[in-house]
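Colleague: take a look and give me a structure for this.
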Amino acid sequence: MMFGKFSTYISVPSSANNPQADLLSFRKMAMSGIEGDKYRSYLQGEGEQNTKWRYGSPPNYAVVNKLFEDERTKVWPPGSLEEKVQNLVKTWEMELFHKSSLDDFKSMDVKKFVFGLNGRKPLNMMDIKKLGGGYNPHLQTSLPEEFRCYDPDRETAESSHRAFITTFPRGFALEVLKVYTGPPEIVYKFRHWGYNEGPFKGHAPTGELIELYGIAIFEVDEEMKIVKVEFFYDRGELLGGLVKGATMDSSGLEAASSCPILRNTG
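Modeller: Numbers count the residues shown, from 1 in each chain. Predicted structure coming up:
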């Protein structure tokens, strides 16, 4: 569930305009979480009966959840601010990657939502769609085309997603390392990690651990819906490790690309 069952309230900064309203909104979102995935809300249950899933059915996070539980460096107490933020981020990522209709998004206000990366011009939902969705907004670059090992201008949501679930068959896990401020402006440090056990863009897997660290700012409204996201990280930390392997021939690439099931993902 996104915020777990509330036994204790989180601390809301004194700068919030209406702390009681924020607390009630957090409680409302907590109660909206459903069984099926203990880290993500809005994935199963009556509220998702008519949801349009990008790959035909809800994603299965069992594999990446195991990686997360086995190798996370922080285990946050149930009901803590850190746990709630971590679940919020996981839920947001799930909706962004797997729900095909904006009408089905519940963790964010899609009419107001904007996405920013490393100080670049913010993108709204229509901009994200034009960019192709998937990992493309997260991997924007000003590098010339000839130096791009991953080119977001040439990838679709499907090809992008396939590339990363192929190279990370156990998923690309996420943990929140520290939360600096709570709502309405949530600032946190994160770690993303996975094992390069499948090919990536013509390069053979190395089996090595790939880690990406960064800072993010999530702005939420009075209903605790996300209206703005800003990420700050070096995409080279991710991509550099994925192109260290030897170049593969076309037969190996075809065999690898035909294997993954897109909805079984991290």
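
Colleague: test my guess that residue 220 contacts residue 186.
Modeller: Yes: counting by C-beta atoms under 8 Å, residue 186 is a contact partner of residue 220 at 6.9 Å. From N, CA and C alone the C-beta is placed, and that goes for glycine too.

Colleague: average pLDDT for stretch 208-224?
Modeller: Mean pLDDT, computed over stretch 208-224, is 97.

Colleague: and residue 204, how many neighbours?
Modeller: Residues near residue 204, counting by other C-beta atoms under 10 Å, number 18.

Colleague: ok, now how distant is it from residue 64?
Modeller: Note on residue 204: its distance to residue 64, by C-beta to C-beta, to the nearest Å, is 22 Å.

Colleague: likewise for residue 158?
Modeller: Residue 158 is 19 Å from residue 64, by C-beta to C-beta.

Colleague: of these two, which one has the most company?
Modeller: residue 64 (24 against 14).

Colleague: isn't the more buried one up against residue 165?
Modeller: No: Residue 64 is not in contact with residue 165 according to C-beta under 8 Å; the separation is 9.6 Å.

Colleague: got the buried residues for stretch 154-164?
Modeller: By neighbour count with 16 or more other C-beta atoms under 10 Å, stretch 154-164 contains the buried residues 155, 157, 160-164.

Colleague: filter those residues down to the ones in helices?
Modeller: Mapping the buried residues of stretch 154-164 onto helices (DSSP state H) picks out 157, 160-164.

Colleague: grab the most central residue of the protein for me.
Modeller: In the chain, the centroid-proximal residue (C-alpha atoms, centre = their mean) is residue 93; its distance is 3.1 Å.

Colleague: once you drop chain neighbours, what's closest to that one?
Modeller: residue 174 (7.2 Å; C-beta to C-beta, 6 or more residues apart in numbering).

Colleague: re earlier: possible to save the ones in helices among the buried residues of stretch 154-164 as TSV with distance to residue 97?
Modeller: Below are those laid out as TSV (distance: C-beta to C-beta, whole Å):
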residue	distance to residue 97
157	8
160	9
161	7
162	12
163	13
164	10
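
Colleague: just the closest of those to residue 75, please.
Modeller: When those are compared for distance to residue 75 (C-beta to C-beta), residue 164 comes out closest, at 25.8 Å.

Colleague: ok but residue 47 is inside a helix, no?
Modeller: Yes: according to DSSP: H, G, I helix; E, B strand; the rest coil, residue 47 belongs to a helix.

Colleague: just the pLDDT for it.
Modeller: For residue 47, the model assigns a pLDDT of 93.
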